[in-house]
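Colleague: Sequence first, predicted model second:
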Amino acid sequence: MEELKKYFDKGFLKDDERGFRIFKEFVEIKEQMLCNDIKNTIVMFGSARIKPDDSNEKARKYYWAARDLAYRLASWVKENCPLEDKYFIATGGGVGIMEAANRGAAEAGEPTIGLNIRLPFEQAENPYIPSELVFMFHYFFIRKFYFAYPAKAFVIFPGGFGTLDELFEILTLAQTHKMHKTMPFVIFGKEFFSKILNMDMLLEHGLISQSDRDLFILTDDIDEAFDHITSNIKPARCILDR
């Protein structure tokens, strides 16, 4: 983390240094992941604004669903995956849904990852991530690359602009086969996402195909989400240095 602090030095923000800075962030995060033997992740993300004691009951239930699903997935990893092919629960490292997922994995006794980013608000890291597994980013696009590259499954909970940005980017990568892999993709929260993702309308207008609609499942059921993920992933290494 000390090495990354120099990225926030205004003297390092000059246009003629930007390419070097991008490259340096990309390589140093890769090295940190390799040093911690991180090859496979189950990525969970959603709003930073949803709290465990949220006065909005609809919002609050998503926090506890994320915590419970992460706990079950981490427990499954602990029992079924050899150390060399371990899956890590990975989030954006902040509060809200991210905290819930990191919390669930930590309570199951598994190390958990936070891909954090410097923001003027919201993005304080949560206390459930070991300090060596907090990866700090300056650039959103590099952060999103490291969300996608070692991922073997995604779970998306309700969220705002950031969550929807990540959701549609991952769906686009899957649709266009840029990931070169298939993986279970769970969108959690039928009531919320049915108002945002009108797939029937997109199909009606010929803007997506049925195979695009089949890229993910939409559910409110923790058991269904857990079964979909665990029945569709296998311990398989993701080689970060290829």
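Modeller: Cool, the structure landed. Since this is a predicted model, take the numbers as computed values, not measurements.

Colleague: use CA for all of it now, contacts and neighbours both
Modeller: Will do.

Colleague: so the residue nearest to the spatial centre of the chain, which of the three states?
Modeller: Residue closest to the average C-alpha location in the chain (CA atoms, centre = their mean): residue 43, at 3.3 Å. Look at residue 43: counting by DSSP: H, G, I helix; E, B strand; the rest coil, its state is strand.

Colleague: List the residues that contact it.
Modeller: 89, 90, 91, 147, 151, 152, 153, 154, 155 (CA atoms under 8 Å, 6 or more residues apart in numbering).

Colleague: quick one, what contacts the last one?
Modeller: Contact criterion CA under 8 Å, 6+ apart gives 42, 43, 44, 45, 185, 186, 187, 188 as the residues in contact with residue 155.

Colleague: before we move on, what about the second one?
Modeller: With CA under 8 Å, 6+ apart as the criterion, the residues that contact residue 90 are 41, 42, 43, 44, 102, 112, 113, 114, 115, 147.

Colleague: quick one: which of those has the most company?
Modeller: Among the contacts of residue 90, residue 102 has the most neighbours (other CA atoms under 10 Å), with 34 neighbours.

Colleague: tell me the SS of it?
Modeller: Three-state assignment for residue 102 (three-state DSSP): helix.

Colleague: How many residues are close by residue 106?
Modeller: By other CA under 10 Å, the residues close to residue 106 number 23.

Colleague: my bad, should have said residue 73
Modeller: That count, for residue 73 with other CA under 10 Å as the rule, works out to 25.

Colleague: follow-up on the earlier one: the contacts of residue 43 in strands, which ones?
Modeller: 89, 90, 91, 151, 152, 153, 154, 155 (DSSP state E).

Colleague: which two from those residues end up farthest apart in space?
Modeller: The largest separation in the ones in strands among the contacts of residue 43, counting by CA to CA, is between 91 and 152 at 13.3 Å.

Colleague: Helices along the protein, start to end?
Modeller: Applying DSSP state H to the chain gives helices spanning 15-35, 57-80, 97-107, 140-148, 161-175, 190-193, 199-204, 210-213, 222-230.

Colleague: Tell me what angle the fifth one forms with strand 151-156.
Modeller: If you take axes from the mean of the first three to the mean of the last three CA atoms, to 10 degrees, helix 161-175 sits at 140 degrees to strand 151-156.

Colleague: what mean pLDDT would you report for helix 161-175?
Modeller: Mean pLDDT, helix 161-175: 93.
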